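Q: here is my input, please return the structure:
(one chain, ligands or ions: 1)
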Amino acid sequence: MANVLRNSAKFGFSGVLSQLSIHSRHGRECVSPCFSLQQRNNSTSPKIKVDLDNSTGVAVLRMQSPPVNSLSLDFLTEFCINLEKLEMDKSCRGLIITSVSTHTHTHTDTDTVTQSHKTMIHTITPPVCVVSQTLSKVSSTGLDIITLPVCVCVCVCLVSQTLSKVFSAGLDIMEMYGKSPERCGEFWKAVQEMWLKLYGSNMATIAAINGSSPAGGCLMSIGCDYRIMADNPRYSIGLNETQLGIVAPFWFKDTLVNTVGNRAAELSLELGLLYSAPDALKIGLVDQLVPEDQVLSTAQDTMSKWLAVPDHARQITKSMMRKQTIDKLLSNREADITNFVSFITKDSIQRSLRMYLEMLKSRKA
Ligand SMILES: CCCCC/C=C\C/C=C\CCC/C=C/C(=O)SCCNC(=O)CCNC(=O)[C@H](O)C(C)(C)COP(=O)(O)OP(=O)(O)OC[C@H]1O[C@@H](n2cnc3c(N)ncnc32)[C@H](O)[C@@H]1OP(=O)(O)O
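A: Numbers count the residues shown, from 1 in each chain. The predicted model follows:
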């Protein structure tokens, strides 16, 4: 243990984990070589926006993947890359995870059509740059060279997309429905990676839950050190997997037990309960409720209290609390993937997922 603590002071929590387990893929040594320490951490990528305030050392990661911030393979990959970058950045000590409620997405599109220039201008607005040109083209027979008037339209337009009031709708069900075993395995590995990185982060982490947070969204929340939820009767949170006819794996269960205790976790998991914000507070699934417009500012105020504690002391303590749970998955990763793939690809489970998807759609109609 003394060794663990010495290493922890030297490498931080993630570093200790990678020292302790040769299977660890989320320690500092395993970072993709394309990220250097010099890299700035203010990034905007399609699904996630990260802003690091260098004066406070606090990064805000905003999920912005309409319609419901579901956790697809692409989303999870992007999430892990961002987390890894922040973990590597010594100036970043705290991370707040939240969802943007509305965002404007800048969309660049290049289209080539064999229509008149005039038609093109009418169909795509607002064109920032329209280039007309004549293009020589080989006909389908390959014999005749024909010349067509072509309008190449480079259009930059702003598309406003509104996220429904969700923090995250959890794992993207479409990643588990009708997919090949290989793809399911790849997806599950990314889910594991997201949890390993978050639960084992050296940073102080706060979930600013400004919307519903079922299943994987709840996992992401309880993977943080502290949870602040909007006091809105429309929002709910919980590990509702059994309601979909699927089963939360042992590490989802362990994280929930570590958060709310065994009895509450038992009820919660077996019944697939989604809790209102006040009920979630009652069982300790979230730590604090605040009016919706104060979720982020409260998270920022709370973070300053967490960062008042010396990093090494907080990190070593966090490691002592979470290491056993993390190691359990690290030493069973491959078996866990195999279990997931064989479970999720069963006909009966696929049927349950289809019914659930239909229910989601019919609820909308
Ligand atoms: C033998 C032992 C084995 C042991 C176990 C081994 C392995 C483990 C196996 C499996 C574990 C899997 C763990 C799974 C975890 C998950 O996270 S599953 C996902 C659970 N999520 C949900 O149940 C949430 C469902 N969504 C909602 O309840 C609502 O959408 C909402 C989030 C409350 C938002 O409501 P609203 O604003 O009204 O939006 P809509 O319902 O209209 O949704 C908009 C569109 O988004 C689609 N959508 C919603 N959620 C998801 C999702 N999670 N994935 C993909 N798509 C989603 C919805 O269908 C709408 O689509 P359309 O616009 O109709 O196309």
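
Q: for the stretch 251-365 of the chain, what spans make up the helices?
A: Counting by DSSP state H, counting those that start in this stretch, the segments of the stretch 251-365 of the chain that form helices are 262-271, 277-283, 295-307, 311-330, 333-344, 347-364.

Q: the ones you listed: which one's closest to residue 241?
A: Ranking the helices of the stretch 251-365 of the chain by distance to residue 241, with C-beta to C-beta as the measure, places helix 262-271 first at 7.6 Å. (C-beta placed from N, C-alpha, C; glycine too.)

Q: of all the helices of the stretch 251-365 of the chain, which lies closest to residue 194?
A: helix 311-330 (11.8 Å).

Q: before we move on, the earlier item: which stretch in the helices of the stretch 251-365 of the chain has the least confidence?
A: Confidence, taken as mean pLDDT, is least for helix 347-364 of the helices of the stretch 251-365 of the chain (a mean of 94).

Q: related to what we said a few turns ago, in a markdown table: the helices of the stretch 251-365 of the chain, plus mean neighbour count and distance to residue 206.
A: Formatted as a markdown table, the helices of the stretch 251-365 of the chain follow (neighbours: other C-beta atoms under 10 Å; distance: least, C-beta to C-beta, whole Å):
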| stretch | mean neighbour count | distance to residue 206 |
| --- | --- | --- |
| helix 262-271 | 15 | 22 |
| helix 277-283 | 18 | 15 |
| helix 295-307 | 18 | 5 |
| helix 311-330 | 17 | 13 |
| helix 333-344 | 16 | 27 |
| helix 347-364 | 12 | 29 |
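
Q: export those to a markdown table and tack on distance to residue 215?
A: Compiled in a markdown table, those are given as follows (distance: least, C-beta to C-beta, whole Å):
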| stretch | distance to residue 215 |
| --- | --- |
| helix 262-271 | 11 |
| helix 277-283 | 14 |
| helix 295-307 | 20 |
| helix 311-330 | 17 |
| helix 333-344 | 14 |
| helix 347-364 | 11 |
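
Q: tell me which of the ones you listed sits nearest to residue 213.
A: That would be helix 277-283 among the helices of the stretch 251-365 of the chain, by C-beta to C-beta, at 9.0 Å.

Q: what pLDDT does residue 218 get?
A: Confidence score, pLDDT, at residue 218: 99.

Q: other SSEs contacting whichever strand or helix holds it?
A: Residue 218 belongs to helix 216-222 when elements are defined using DSSP states H and E. If contacts are counted by 3 or more C-beta pairs under 8 Å, 6 or more residues apart in numbering; DSSP states H and E, helix 216-222 sits against helix 181-199, strand 204-209, strand 236-238, helix 250-260.

Q: that older thread, now render the helices of the stretch 251-365 of the chain as JSON lines, adding distance to the ligand.
A: What follows is these, written out as JSON lines (distance: least, C-beta to the nearest ligand atom, whole Å):
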{"stretch": "helix 262-271", "distance to the ligand": "11"}
{"stretch": "helix 277-283", "distance to the ligand": "14"}
{"stretch": "helix 295-307", "distance to the ligand": "17"}
{"stretch": "helix 311-330", "distance to the ligand": "12"}
{"stretch": "helix 333-344", "distance to the ligand": "4"}
{"stretch": "helix 347-364", "distance to the ligand": "4"}
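
Q: which ones are touching the residue nearest to residue 47 when sequence neighbours are not counted?
A: Closest residue to residue 47 apart from its sequence neighbours, by C-beta to C-beta, 6 or more residues apart in numbering: residue 65 at 4.0 Å. Residue 65 makes contact with 46, 47, 48, 72, 75, 163, according to C-beta atoms under 8 Å, 6 or more residues apart in numbering.

Q: for the last one, which non-adjacent residue is spatially closest?
A: The one in question is residue 163. Residue 163's closest residue in space is residue 66 (C-beta to C-beta, 6+ apart), at 5.0 Å.

Q: need the pLDDT of that neighbour.
A: Residue 66 carries a pLDDT value of 95.

Q: again, but for residue 13
A: pLDDT, residue 13: 45.

Q: now do residue 162
A: pLDDT, residue 162: 65.

Q: one more: the one 10 residues further on?
A: Note for residue 172: predicted pLDDT of 98.

Q: could you shift the numbering so residue one becomes 28, and keep it that way?
A: Noted, 28 is the first residue going forward, which turns the last one into residue 199.

Q: how many other residues sit next to it?
A: 21 (other C-beta atoms under 10 Å).

Q: helices and strands of this protein: which one has the lowest mean pLDDT?
A: Ranked by mean pLDDT, DSSP states H and E, the weakest helix or strand in the chain is helix 144-150, scoring a mean of 26.

Q: redo the helices and strands packed on helix 243-249 as JSON lines? Include distance to the ligand, mean neighbour count and mean pLDDT.
A: Putting the helices and strands packed on helix 243-249 into JSON lines (distance: least, C-beta to the nearest ligand atom, whole Å; neighbours: other C-beta atoms under 10 Å; pLDDT from 0 to 100) gives the following:
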{"stretch": "helix 208-226", "distance to the ligand": "8", "mean neighbour count": "20", "mean pLDDT": "98"}
{"stretch": "strand 231-236", "distance to the ligand": "12", "mean neighbour count": "28", "mean pLDDT": "98"}
{"stretch": "strand 263-265", "distance to the ligand": "7", "mean neighbour count": "24", "mean pLDDT": "98"}
{"stretch": "helix 277-287", "distance to the ligand": "7", "mean neighbour count": "20", "mean pLDDT": "98"}
